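K.L.:
Mind folding the following:
(2 chains)
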Amino acid sequence: MGFCLRAPCSVKKKITDGTSSTVMASELIAGQDGPPRDCRGFWIQVFAGASMYTHGLTPNSTAAAEIVFGCCPGPGVPPPCVESPVYIGVAAARSYHPGGVNATFVDGHVQFKSESIDLPPWQALASIDGGETINE
Amino acid sequence: MSNRRPIGWCVWFVLILIGCGERGDRRSLEGTVTLDGASLAAGQITFVPQPGTKGPTAGGQITEGRFSIPRKGGTFTGKFLVQITATRKTSKQVMNYALDEMIDEIEQFLPLRYNRQSELTAEVTASGPNQFVFALTSP
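P.N.:
Okay, here's the model as predicted:
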């Protein structure tokens, strides 16, 4: 849920670069039954790493998600995560597919995005006014 | 058995090689991280492509001062901002509002100039060896 993070929640008419070029949601990899406790992919806990993710990391990145303390089971349980002392986190879109993730756009269409995507266009897809074009 | 079958397998093999070609651009990264001269026992390192550098973010766990990111999950060549974090438990318990219970508090103890306001950079090259040394100091 990329376009809706800041209150007040953005409404559709504010998505000036088009609902077809703004990602709304993506696949995530859910955690496992604990212990240790694993909040990843929990529905519905509204913080990064659970029901929310961010575009700070590219899809399926080997870089660790930074999720709220008490919610990452440790380095032995993939995908990689580390704990953050604060509630602001970074969590990548992730899937078990080789090569990328399926992302849902605000207009409802679903598109496969490569895990080799450059960071700036991936971040632009999460913006509501980036004016980006999709030509992957 | 038809003697065409080996040719069929060859075609599949070539297709598989082509299919995996995209990963050929990635590089493995490894190195060491010290804090005040001693190996950083545990932490996390992240490589973020800088403007002009293509490809994905990558990262890995730091264990006993070493990290190693395999080629499959590595970066393309270019210039990167490097972020290093490490956490430890404080002696306190605090309310965790996500879990709605009291749990051990943690703190990120490396200076911000190594992570959120990082001044660390790295250049990944095609010729390698892409081994990096990060000698951090506190505070």
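
K.L.:
Find me the pLDDT at the residue of chain A most remote from its centre, would you?
P.N.:
Taking Cα atoms, centre = their mean as the measure, the residue most remote from the mean C-alpha position of chain A is A:P35, 24.4 Å away. For A:P35, the model assigns a pLDDT of 82.

K.L.:
Chain B contacts on chain A?
P.N.:
Where chain A comes near chain B, counting by Cβ under 8 Å from any Cβ of the partner chain, the residues are A:37, A:39, A:45, A:47, A:50, A:56-59, A:61-64, A:66, A:68-71, A:75, A:80, A:82-85, A:87, A:92, A:99, A:114-120. Glycine gets a C-beta too; all of them are placed from N, C-alpha and C.

K.L.:
Out of those, which end up buried?
P.N.:
A:39, A:45, A:47, A:50, A:56-59, A:61-64, A:66, A:68-71, A:75, A:80, A:82-85, A:92, A:99, A:114-119 (16 or more other Cβ atoms under 10 Å in any protein chain shown).

K.L.:
Which strand residues bridge the nearest residue to A:C72 once chain neighbours are set aside?
P.N.:
Ranked by Cβ to Cβ, 6 or more residues apart in numbering or on different chains and with sequence neighbours excluded, the top spatial neighbour of A:C72 is A:C81, at 4.0 Å. Residues in a beta bridge with A:C81, per DSSP bridges, are A:A65.

K.L.:
circling back to that earlier point, keep only those of the residues of chain A next to chain B that are in strands.
P.N.:
Judged by DSSP state E, the subset of the residues of chain A next to chain B located in strands is A:66, A:68, A:82-84, A:114.

K.L.:
Give me the mean pLDDT for the helix or strand that contains B:I106.
P.N.:
Assigned by DSSP states H and E, B:I106 belongs to strand B:101-108. Across strand B:101-108, the average pLDDT comes to 94.

K.L.:
Can you name every helix or strand that that strand contacts?
P.N.:
strand B:87-96 (3 or more Cβ pairs under 8 Å, 6 or more residues apart in numbering or on different chains; DSSP states H and E).

K.L.:
Which residues does the strand it packs on contact?
P.N.:
For strand B:87-96, contacts defined as Cβ atoms under 8 Å, 6 or more residues apart in numbering or on different chains pick out A:68-70, A:82-85, B:101-109.

K.L.:
Point out where chain B drops to low pLDDT.
P.N.:
B:1-24 (pLDDT under 70).

K.L.:
How about the residues of it by chain A?
P.N.:
B:22, B:25-26, B:44, B:46-49, B:51, B:54-61, B:69-70, B:73-74, B:76, B:85, B:87, B:96-99, B:103-108.

K.L.:
give me that answer again for 6 Å
P.N.:
When proximity is defined by Cβ under 6 Å from any Cβ of the partner chain, chain B lies next to chain A at B:22, B:44, B:46, B:49, B:54-59, B:61, B:69, B:73, B:87, B:96, B:98-99, B:103, B:106-108.

K.L.:
hmm, back to that, so of the contacts of strand B:87-96, which two are at opposite extremes in space?
P.N.:
Taking Cβ to Cβ as the measure, those span a maximum distance of 24.1 Å, between B:E101 and B:F109.

K.L.:
neighbours of residue 46, just the number please.
P.N.:
Just going to use chain A. Neighbourhood size, A:V46 [other Cβ atoms under 10 Å in any protein chain shown]: 14.

K.L.:
oops, chain B please
P.N.:
Using other Cβ under 10 Å, B:T46 has 27 other residues around it.

K.L.:
who touches it in this structure?
P.N.:
A:63, B:59, B:83 (Cβ atoms under 6 Å, 6 or more residues apart in numbering or on different chains).

K.L.:
secondary structure element for it?
P.N.:
strand B:42-49.

K.L.:
Pairing partners for that strand, with directions?
P.N.:
Counting by DSSP bridges, strand B:42-49 is paired with strand B:58-63 (antiparallel), strand B:78-85 (antiparallel).

K.L.:
now the ones you listed in JSON lines, with distance to A:V23 and mean neighbour count?
P.N.:
Formatted as JSON lines, these follow (distance: least, Cβ to Cβ, whole Å; neighbours: other Cβ atoms under 10 Å in any protein chain shown):
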{"stretch": "strand B:58-63", "distance to A:V23": "21", "mean neighbour count": "23"}
{"stretch": "strand B:78-85", "distance to A:V23": "23", "mean neighbour count": "20"}
